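**Student:** just coords:
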C-alpha cells in the first residue's frame, strides 16, 4: 500500500477505536456503574425474586449489553445524550438538577428519579405511567425534550447499523435488534443497581452503634410524630421507604396557577364529549406537568398526585420533589411540617406536624443514615453543605403553620388546622413486629 | 449480720448450688457456714461437663466450649442421656416422667363444671380443684369491671388524653370496625405488623390526638379488654384484612 | 414487553405523551383524535361523575331511558348541593372539624354553575351549645348560594331547640321550588328519657350525642308533626315530585345506633300516594341509599367523621363505600349534590374527599339494582 493510504487507514482505525471506546462519556462509566452485589445488609431477597420478570431473566451478557446501551449517546437524535446524561452513576444515578436538560439544551418539567433500586418500583416515573422498567425506556428515548428520537424505529435503525451491537443482540436474544430487546437489555442492567447496606440497615441488623443517637431519635420521629412511616413505609420485606402509591402533598400548589389549572382540567374533562379542543388549548397553553398522575388516570382524585419516592441515598440525589424545587432536606421537612401547601386536592393525611428544630435535625440525621457505602463520601459533603445552608436559609419554614396557629378566612382567624400527634414517650419504632 | 451480707450469702449459696458447669463463678460466702457445692469434674477435651442435681451423675458434652450454650435439640439429648444414666444407677427408684409414660390409663378429660369439689370422683387438693362458685363470681365480677372500665374510656376521649373532643366510639360505636380477632396483622397506617394495642395507641395519637399510652398503662389494657370483649365468639383470624 | 401488552397504563401513557407533545411537534389532528378517544373511554367507564367542583351530570350527555320508561332528556329542573353533619365543637377545643366544614363550604362555593341552594343536613353543633351553633352559623354564612337548614339531634337536645329556633327559625317547614314540593322535617324528636333520670341539660345532650349507649329514645317524627305533614301535603297533587329533607333516615336500618325512625311506616304511608318521592337524610355519616315502594332514600356524607356500616339492617341496594383510612382525616367524608331530574326522580353525587366521586342514579334504585350499579368497595365492613 502507498504510505499515504496506510497512514489514512491507521488514522481511520484509530479514530474509530477511540470513537468506539470514547462512547460512554469522557472517562468511561466508572466503578459506580458496575453491577452491585446482593450481599448487602438489608437486601430484600424475596422482593428481589418478585422483581425479576420471568420473560427477562438476568444474564451477564444481557447485562453487559444493557450497560453499553445505557452509556451510549447514539441512542439520542443528536448523538450527545445517553441515559447516564440524566442518570449519572456518580450522582446517585440522577443529574442533581431541579429538572433535567435534554437535547438542544431544552429543560423538561420533572426531576430525574434515581435508577438505584428502581427495579423494585411497582411503576416507573413520578406519575407511574410506565408499568415496568422495560416500558420506561421508550419514554426518554422518544421524548422531544429528552433524547429526541422521532420514534423507537429510528432508535432501532441506529443501533442495528452498528455491527458490534448486531453481534451482541444476536448472541443475547438470538435475533435482530428490536426495540423490545433494547428495553430488555437496558432494564436488565438497571436491575443490577441495588443500593442497601446503609448504616441504618446495619442498625436494624443489630449493630446499635451503626447510627448516631440523633439518627435514632429521627427514626423514632419518623415512626411517630412525623407520621412519615405511613407513606414512606419500611419493613424488612419491602425496605424501600415507599408505599408505591401516589399522593398530593401540595408541591404543585407552590405554583400559583395550580388550582385554577386543576379545576379547568377537571372541568374540561367532565363536560360531555371531553371537548378535545379545550383540552388541547389547556395542554398547549399551560403547564400540565403539575397535575401529576391525573394525566395518566384522568381520575379527579389523582390531581396533583405524585409517587412516594424512596428515601435512600437522598444526599446524592438532590434536589427534591417532582419538580426539584427543594434544595435541602430541611426544605422538604419544612414543607411537611407546615402541612404541605393547601390546595383542594391535598391528601388528608398531610397535616401540620409541630416538629421543633431539633426534631428536624434528628430526622435529617436519620435520612442521612440511609446512604449506601459507595456514596458515603459524596453524601457527607452534601450533608455539610445542606447543614450550613439550613442554619440561615429556610424558604419553606412556617413555624406558625407548623404549630397549627395559622388562621384562615374572615371571622376565622386564629388557631386553625389540625396538627399531628403529640410527642410520645414510647419509641414508636419499637412498636409492633417486623 | 447485716442485711447486705445475708443477701450476699444467699446469692452465693444459690450460685453455688446451680454451678453445673466447671467454671461457674463462685461468690465468697460471708461468715455463714458454706453451703454444699457439687464438684463438677473438669473436661479433659476442652468441652463442657454437665451434672445432674444429685451431684454424682454427669456427662461430657463434646465440642461444647465453656461459655457456649446448647441448642434445644442438643440440650434435650443431653438431659435424656443423663436421666437414662441415673435410672441405670438407680433401678429400684421410680421416676415419674410426663404423659409419655406408658403406665397410666388414659385420663378422661374433665370439664370445668364450676361445681364445688365432690368428696368422691373428682380430684382434690390441687389449685384448680379447689375453686368454688364464690370464686367464679369474684372472677367474673373483676372481668366485667375491667371491661366496663374499658367501655367508659372508649366513650371518653379526654380520659385517655385526647385533646380535641374525639372519642373512640365516634368512629367505632359498640367497638364496631375494630376487628380485634384479626391481629396480629400488617397495619397499613403503621406499615408494620401490629398487635391490637399498637393500633389503639396509634389511634389515640392520630385521630384522637392524645399521647400514646404506655403498654402497661391500665387504661390501654382496659381499652383492649373492652374491644376484645365485644367480639366474644368470633373466630380468631389473624392477618385478615 | 411494551409492545406485547396494551395495558391501561400504556394507553394512558400514549395519551399523556400526546398531550405533552402538543407543546411541540405532534400533528394536531392525531393528537385531538387520541384525546377524544381516551376521554370518551374514561367516561364510558363512568369514572367521571364530576367531582364536587363540577356540577354537570354526566348522564345528561346522552338521553337516558329509565326503568320506569318515562325517559329523560335535556337538563334537570334543578340541582342543589349539601353540607351535613359538621358536629362543630368550639374552635379552641377542636380545629379539625372546623377545617373540614370550611373545606365543604369551599367545595360548594367552587361549583360552577352554582347550585340553586345548599341544604345543611343537621348536626351543625356537636353538643348543642350556643358557641358551637354560632361558629356553624359563621361558617355557613360564607356559602354563596342560599342555605336551607335542617336540625339534627346534636343541635337540639341541650336546650330542646331554643337556641336553634332562635337562630334558624322553625325546625320543620316546606316550600316549593321549580315545580317540586320540598318538605323539611324535624325527625329527631325523642320521647322523654331524661326527666325520670333527673338529667341536667348537659347530661341529656351527652346521652343523645352517644350513638351506642342505648339510653336515649329512638328518633321519631311524632304525632304532631305527622299531622303537620299530612296537612301540608293535602294541597299537593300526587303528580308533584316530593323532596323530603330529614335528619333521621325515615326507615328502619339499625335500632341500636338510632339509624332509625320509630314511626317510619306511618310517615311512609303519608308519602305513599305520591308518584316521585326522594328522601335526603343525614345522621348516618356514610354512603347509603335505599328504595321502599315509591320512595328513594339517599343518606348524606358527614364532614366530621365516618361511621362504619351497622352489623345488620343495611339496605340491600346500598353498595358500601370502601373502608375509611384513619391516617387521612378527610377519608370517608365529603359533601355532595342532588340533581332533580325532569321526570321527578333524583340522582345523587357523593363528592367523597380524597376519593373519586360516586354517582348513584335513581335508575339504579328504581330498577331495584338492575341497572347503573355503583362501583363496589375493595374492603367492605364486616
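**Tutor:** Nice, I can see it. In this text, all values refer to a predicted model and were calculated from it rather than measured experimentally.

**Student:** how about the helices of the stretch 151-300 of chain C, start to end?
**Tutor:** C:153-156, C:162-168, C:201-209, C:223-234, C:264-271 (DSSP state H, counting those that start in this stretch).

**Student:** what packs against the shortest one?
**Tutor:** Packing partners of helix C:153-156 (3 or more CB pairs under 8 Å, 6 or more residues apart in numbering or on different chains; DSSP states H and E): helix C:201-209. Quick note: C-beta positions are derived from backbone N, CA and C, even for glycine.

**Student:** switch to 6 Å and redo it
**Tutor:** Judged by 3 or more CB pairs under 6 Å, 6 or more residues apart in numbering or on different chains; DSSP states H and E, helix C:153-156 has no packing partners among the helices and strands.

**Student:** and that helix, how far out from the chain middle?
**Tutor:** 18 Å (CA atoms, centre = their mean, to the nearest Å).

**Student:** and what of the third one?
**Tutor:** Helix C:201-209 sits 26 Å away from the centroid of its parent chain (CA atoms, centre = their mean).

**Student:** ok, back up a step: out of the helices of the stretch 151-300 of chain C, which one sits most buried?
**Tutor:** Comparing the helices of the stretch 151-300 of chain C on average neighbours per residue, with mean count of other CB atoms under 10 Å in any protein chain shown, the densest one is helix C:153-156 at a mean of 27.

**Student:** burial measure for the closest residue to chain A within chain B, as a count.
**Tutor:** For chain B, the residue closest to chain A is residue B:191, as judged by CB to the nearest CB, at 3.2 Å. When counting by other CB atoms under 10 Å in any protein chain shown, one arrives at 21 neighbours for residue B:191.

**Student:** quick one: contacts for it?
**Tutor:** Counting by CB atoms under 6 Å, 6 or more residues apart in numbering or on different chains, residue B:191 makes contact with A:229, A:233.

**Student:** mind running it again at 7 Å?
**Tutor:** By CB atoms under 7 Å, 6 or more residues apart in numbering or on different chains, the residues touching residue B:191 are A:229, A:230, A:233, A:234, A:235.

**Student:** quick one, what contacts the nearest residue to the second one once chain neighbours are set aside?
**Tutor:** Going back to what we said before, that points to residue A:230. Using CB to CB, 6 or more residues apart in numbering or on different chains and skipping the chain neighbours, the partner closest in space to residue A:230 is residue C:327 (4.9 Å). By CB under 7 Å, 6+ apart, residue C:327 lies in contact with A:230, A:349, B:189, B:206.

**Student:** let me know the pLDDT of residue C:327.
**Tutor:** Per-residue pLDDT puts residue C:327 at 93.

**Student:** next one: it relative to residue B:203, how far apart?
**Tutor:** Separation of residue C:327 from residue B:203 (CB to CB, to the nearest Å) stands at 10 Å.

**Student:** for chain C, where's the lowest mean pLDDT among helices and strands?
**Tutor:** None of the helices or strands of chain C scores lower by mean pLDDT, DSSP states H and E than helix C:28-44, at a mean of 45.

**Student:** chain center to stretch A:327-335, what's the gap?
**Tutor:** 16 Å.

**Student:** find the centremost residue of the chain, please.
**Tutor:** Since no chain was named, I'll use chain A. residue A:113 (2.1 Å; CA atoms, centre = their mean).

**Student:** switch to chain C, please.
**Tutor:** residue C:300 (2.4 Å).

**Student:** so where does residue A:180 fall, helix or strand?
**Tutor:** Using DSSP states H and E, residue A:180 sits within helix A:179-190.

**Student:** and the helix or strand that that helix is followed by, what does it pack onto?
**Tutor:** Under the assignment DSSP H and E, the closest C-terminal helix or strand after helix A:179-190 is helix A:199-204. For helix A:199-204, there is no helix or strand it packs on, judged by 3 or more CB pairs under 7 Å, 6 or more residues apart in numbering or on different chains; DSSP states H and E.

**Student:** just the buried residues of helix A:199-204, please?
**Tutor:** Within helix A:199-204, the residues that count as buried by 16 or more other CB atoms under 10 Å in any protein chain shown are A:199, A:200, A:201, A:202, A:203, A:204.

**Student:** next SSE downstream of that helix?
**Tutor:** Next element after helix A:199-204 (DSSP H and E): helix A:213-223.

**Student:** ok, now how distant is residue C:158 from chain B?
**Tutor:** As judged by CB to the nearest CB, to the nearest Å, residue C:158 and chain B stand 15 Å apart.

**Student:** for the closest residue to that residue other than its chain neighbours, grab phi and psi.
**Tutor:** With CB to CB, 6+ apart as the criterion, residue C:158 has its nearest non-adjacent residue at 3.0 Å, and that residue is residue C:128. Backbone torsions for residue C:128, taken as degrees, to the nearest 10, come to phi 70, psi 10.

**Student:** wait, residue C:128 touches residue C:157, no?
**Tutor:** Yes - using CB atoms under 7 Å, residue C:128 is in contact with residue C:157, at 6.0 Å.

**Student:** now for these two: what residues contact both?
**Tutor:** Residues touching both residue C:128 and residue C:157 (CB under 7 Å, 6+ apart): residue C:205.

**Student:** what sits against the closest residue to chain B within the stretch 251-382 of chain C?
**Tutor:** The stretch 251-382 of chain C approaches chain B most closely through residue C:308 (3.8 Å), counting by CB to the nearest CB. By CB under 7 Å, 6+ apart, the contact set of residue C:308 is B:176, B:177, C:381.

**Student:** ok, so of those, who is nearest residue C:258?
**Tutor:** Nearest to residue C:258, judged by CB to CB, of these is residue B:176 at 14.3 Å.

**Student:** name the nearest residue to that closest one, ignoring sequence neighbours.
**Tutor:** Per CB to CB, 6+ apart, closest to residue B:176 is residue C:308, 4.8 Å.

**Student:** A helix includes the one you found, no?
**Tutor:** No - Residue C:308 is assigned coil when assessed by DSSP: H, G, I helix; E, B strand; the rest coil, not a helix.

**Student:** over to it: give its phi and psi.
**Tutor:** phi -70, psi 160.

**Student:** once you drop chain neighbours, what's closest to residue B:157?
**Tutor:** residue B:167 (3.8 Å).

**Student:** distance check, residue B:228 against residue C:170.
**Tutor:** Residue B:228 is 47 Å from residue C:170, by CB to CB.

**Student:** these two - which one has more neighbours?
**Tutor:** residue B:228 (18 against 11).

**Student:** the helix or strand harbouring that one - contacts with which helices or strands?
**Tutor:** In the assignment (DSSP H and E), residue B:228 maps to helix B:218-229. Other elements packing on helix B:218-229 under the criterion 3+ CB pairs under 7 Å, 6+ apart are helix B:133-154, helix B:196-205.

**Student:** deepest-packed of those helices, please.
**Tutor:** helix B:196-205 (a mean of 24).

**Student:** near chain A, anything from that one?
**Tutor:** Yes - using CB under 7 Å from any CB of the partner chain, helix B:196-205 reaches chain A at B:198, B:201, B:205.

**Student:** so that helix versus helix B:133-154, what angle?
**Tutor:** Between helix B:196-205 and helix B:133-154, the angle comes out at 30 degrees (axes from the mean of the first three to the mean of the last three CA atoms, to 10 degrees).

**Student:** which phi and psi does the residue nearest the centre of chain B have?
**Tutor:** Central residue of chain B (CA atoms, centre = their mean): residue B:216, 16.2 Å from the mean position. Phi and psi for residue B:216, reported as degrees, to the nearest 10, are phi -90, psi 0.

**Student:** which phi and psi does residue B:172 have?
**Tutor:** phi -130, psi 70.

**Student:** quick check: pLDDT value at the residue nearest to it when sequence neighbours are not counted.
**Tutor:** Spatial nearest neighbour of residue B:172, excluding adjacent residues (CB to CB, 6+ apart): residue B:178 at 5.4 Å. Residue B:178 is assigned a predicted lDDT (pLDDT) of 96.
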